[in-house]
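**Student:** predicted structure and sequence below. I'll ask about it afterward.
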Amino acid sequence: MTRIEILNELKKVFAPYTTNKEMLSSINDSTDLIKDLKINSANLVDIIIDAENKYNIEIDFDAADKMINVGSCIDVIREKLNQKNVEYR
Amino acid sequence: MTKRVVVTGLGVVSPNGIGIPAFLHAIQNGISGIKYIPHYEELNFSCHLAGMPDFAREKLRNYISDVTLHGLKGTNIVYGIAAALDAWADSGMDYETDEPRWETGCVFGNSIADTEAMKNVIIQVDNKDAKKLGSRIVEQAMNSGVTSYISGRLGLGNKVVTNSAACATGTQSILMGYEYIKHGYAKRMLTGSTEHVDTYVYGAFDSMRVLSRKFNDHPEQASRPMSLSAGGFVPGSGAGALVLEELDFALQRNAKIYAEVLGGSCNSGGQRNGGTMTAANPTGVLRCINEALTGSGVKPQQIDLISGHLTATNADSKEIQNWCQALNRTGDDFPLINSLKSMVGHCLSAAGSIESVAAILQIVHQFVHPNINLDDPNPEITNRISINCLPVKMIKKKLDIVAKANFGFGDVNSCLILSKFYKK
């Protein structure tokens, strides 16, 4: 799955939690979840749970701490997806 | 010098009407909100009926952000938000504020988190899936969830309290808000209460054999306070809300004034001398009513209308007996008395606030709403008070002072004295 594909899907994951809907269409790697998308910090766990369900991956505490901006979210999801593929081999 | 406290805003989510205009129309015309709930029959309950507000969840978008709505499952919270924010708007104020409103607090009553919503939490935890619960459960499991949503939306910065006193909750919340303003701690208090009788709480009441069971085929006739055929109450859900303000504060902003809260009392019979978990100690009830009158400077003869607790159980005739003794008025001398529960059922924690909204509407529009289904008044009641005190059709009448009382499990009593507003 490419970074662009994940980014486009993340827009749907963020949608219920952002109060800055206008910004959602133009997010990039450096978009900050809390500062730019105005997501309540408590809702970050909901985003993690939704991402886990969507990709059928498990995001541990250490990985979750890294998910501050869109780029780091994509990094974590790609890493977890790759781990999963390795396990399946 | 204590302050005068007036009502400047009203909101209601009632089984027979959502919003003040619909509710007013319903109580003037004796419209029942009791409906047949097929699921209750499937579950082998004895009672298959409920007063359930016809509230569309989508309507919440008028009150809260989509982000807040996403993940909001507690129906009790939903009703509370709608009633409270309607009352706020009705009193002529905006929802939005950048700064906390330090002069305004909130006392809102609640009984229990929505057990139906919490069932999914229990299942997930038992399935070792607690990690998937997310961030929105705790705020809805806490009893103060409803006040947290309301005060957060409006930026209320004074005392924010969730009260709970079973069926006396609603009147108690109004009384607590009143006292806080009266003694000068706040200028304005958003008060009220909410209740969603979910399937599990309903089942527990059903098992106590206190619910109506003989009118399942005639839902609108099932709630029959003070009648000989009253065979238990019909559970109801909803919320009522009142904006209370210090008189001068309200006058300064040219707020419309619905009525004045003259005073009230809240006590317990101590579960002694006839009082138990489920029954009232008559001495406690008498003290509560008398303290409410004394504190308000109102004489028993001045009461024009009693908005009773009157649930349609065998406690109704006891309640009438207590009122007779407390006011020392009987027969034709007894005031008019009505029970909103004949139309909406017993809304438990929300009963007192919804019934107080009804009481204030009766003062504002100078009428007395009917007791519906009172085809066969209980002789134990008509032996004490004249049948003329029990209106079965709406009466247009000059109303100055209304006593509104509720009595709840735990032997708790609450009585408010409400008055038409006079500038003096």
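**Tutor:** It's in. Numbers count the residues shown, from 1 in each chain, chains lettered A, B, ... in the order given.

**Student:** how about the helices of chain A, start to end?
**Tutor:** Per DSSP state H, chain A carries helices over the ranges A:3-14, A:21-24, A:44-55, A:61-66, A:70-88.

**Student:** identify whichever of these lies nearest to residue B:296.
**Tutor:** helix A:44-55 (49.2 Å; Cβ to Cβ). To be clear about C-beta, it is placed using only N, CA and C from the backbone, and glycine gets the same treatment.

**Student:** among the helices of chain A, which comes closest to chain B?
**Tutor:** helix A:44-55 (4.5 Å; Cβ to the nearest Cβ).

**Student:** list the buried ones in that closest one?
**Tutor:** Using 16 or more other Cβ atoms under 10 Å in any protein chain shown as the test for burial, helix A:44-55 gives A:44-52, A:55.

**Student:** and chain B, which residues reach chain A?
**Tutor:** B:65-67, B:70-71, B:131-132, B:134-136 (Cβ under 8 Å from any Cβ of the partner chain).

**Student:** of those residues, which pair is most distant in space?
**Tutor:** B:65 and B:131 (26.2 Å).

**Student:** which of the two has more neighbours?
**Tutor:** residue B:131 (14 against 11; other Cβ atoms under 10 Å in any protein chain shown).

**Student:** OK, contacts around the closest residue to the more buried one other than its chain neighbours?
**Tutor:** Among residues not flanking residue B:131 along the chain, residue A:49 sits closest, at 7.5 Å (Cβ to Cβ, 6 or more residues apart in numbering or on different chains). Contacts for residue A:49 (Cβ atoms under 8 Å, 6 or more residues apart in numbering or on different chains) come out as B:131-132, B:134.

**Student:** one more: residue B:112?
**Tutor:** By Cβ under 8 Å, 6+ apart, the neighbours of residue B:112 are B:76, B:143, B:201.

**Student:** measure it to residue B:410 for me?
**Tutor:** 14 Å (Cβ to Cβ, to the nearest Å).

**Student:** swap in residue B:199?
**Tutor:** Distance from residue B:199 to residue B:410, by Cβ to Cβ: 23 Å.

**Student:** again with residue B:11
**Tutor:** 27 Å.

**Student:** export stretch B:401-416 as PDB, just CAs?
**Tutor:** Provided in PDB are the C-alpha atoms of stretch B:401-416 (Å, rounded to 0.1, in the frame of the first residue of the first chain):
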ATOM      1  CA  ILE B 401     -49.300  29.700  43.700                       C
ATOM      2  CA  VAL B 402     -48.500  26.100  42.800                       C
ATOM      3  CA  ALA B 403     -47.000  23.500  45.100                       C
ATOM      4  CA  LYS B 404     -44.900  20.900  43.200                       C
ATOM      5  CA  ALA B 405     -43.800  17.900  45.200                       C
ATOM      6  CA  ASN B 406     -42.100  14.600  44.500                       C
ATOM      7  CA  PHE B 407     -41.400  11.700  46.800                       C
ATOM      8  CA  GLY B 408     -38.800   9.000  46.000                       C
ATOM      9  CA  PHE B 409     -37.200   5.700  47.000                       C
ATOM     10  CA  GLY B 410     -34.900   6.100  50.000                       C
ATOM     11  CA  ASP B 411     -37.800   8.000  51.700                       C
ATOM     12  CA  VAL B 412     -36.700  11.300  50.200                       C
ATOM     13  CA  ASN B 413     -39.100  14.200  49.700                       C
ATOM     14  CA  SER B 414     -38.900  17.400  47.800                       C
ATOM     15  CA  CYS B 415     -41.400  20.300  47.500                       C
ATOM     16  CA  LEU B 416     -41.200  23.600  45.500                       C
END
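
**Student:** mind checking how far that stretch is from the chain centre?
**Tutor:** Centre-to-centre, stretch B:401-416 and its host chain are 10 Å apart (Cα atoms, centre = their mean, to the nearest Å).

**Student:** could you check the pLDDT of residue B:1?
**Tutor:** The model reports residue B:1 with a pLDDT of 71.

**Student:** which SS class is it?
**Tutor:** coil (DSSP: H, G, I helix; E, B strand; the rest coil).

**Student:** number of nearby residues for it?
**Tutor:** If we define neighbours as other Cβ under 10 Å, then residue B:1 has 3 of them.

**Student:** and it, how close does it get to residue B:252?
**Tutor:** On the measure of Cβ to Cβ, residue B:1 and residue B:252 end up 17 Å apart.

**Student:** and what of residue A:52?
**Tutor:** Distance from residue A:52 to residue B:252, by Cβ to Cβ: 54 Å.

**Student:** one more: residue A:15?
**Tutor:** Residue A:15 is 44 Å from residue B:252, by Cβ to Cβ.

**Student:** and the two? Which one has more around it.
**Tutor:** Neighbours were counted for residue A:15 and for residue B:252 using other Cβ under 10 Å; residue A:15 has more, 14 against 11.

**Student:** need phi/psi at residue B:262.
**Tutor:** Dihedral pair for residue B:262: phi -80, psi -30, per degrees, to the nearest 10.

**Student:** could I get the contacting residues of the residue nearest to it when sequence neighbours are not counted?
**Tutor:** Excluding its sequence neighbours, the residue lying closest to residue B:262 (Cβ to Cβ, 6+ apart) is residue B:296, at 3.7 Å. Counting by Cβ under 8 Å, 6+ apart, residue B:296 makes contact with B:262-264, B:417, B:419.

**Student:** same deal with residue A:51?
**Tutor:** A:10, A:13, A:57, A:59, A:73, A:77.

**Student:** and the pLDDT at the second one?
**Tutor:** Think residue A:13. 96.

**Student:** for it, list the residues it contacts.
**Tutor:** Residue A:13 makes contacts with A:47, A:50-51, A:54, as judged by Cβ under 8 Å, 6+ apart.

**Student:** between those residues, which is nearest residue A:19?
**Tutor:** Nearest member of the contacts of residue A:13 to residue A:19, counting by Cβ to Cβ, is residue A:47, at 13.9 Å.

**Student:** go ahead and confirm that closest one touches residue A:37.
**Tutor:** No: if you go by Cβ atoms under 8 Å, residue A:47 and residue A:37 don't touch, sitting 9.9 Å apart.
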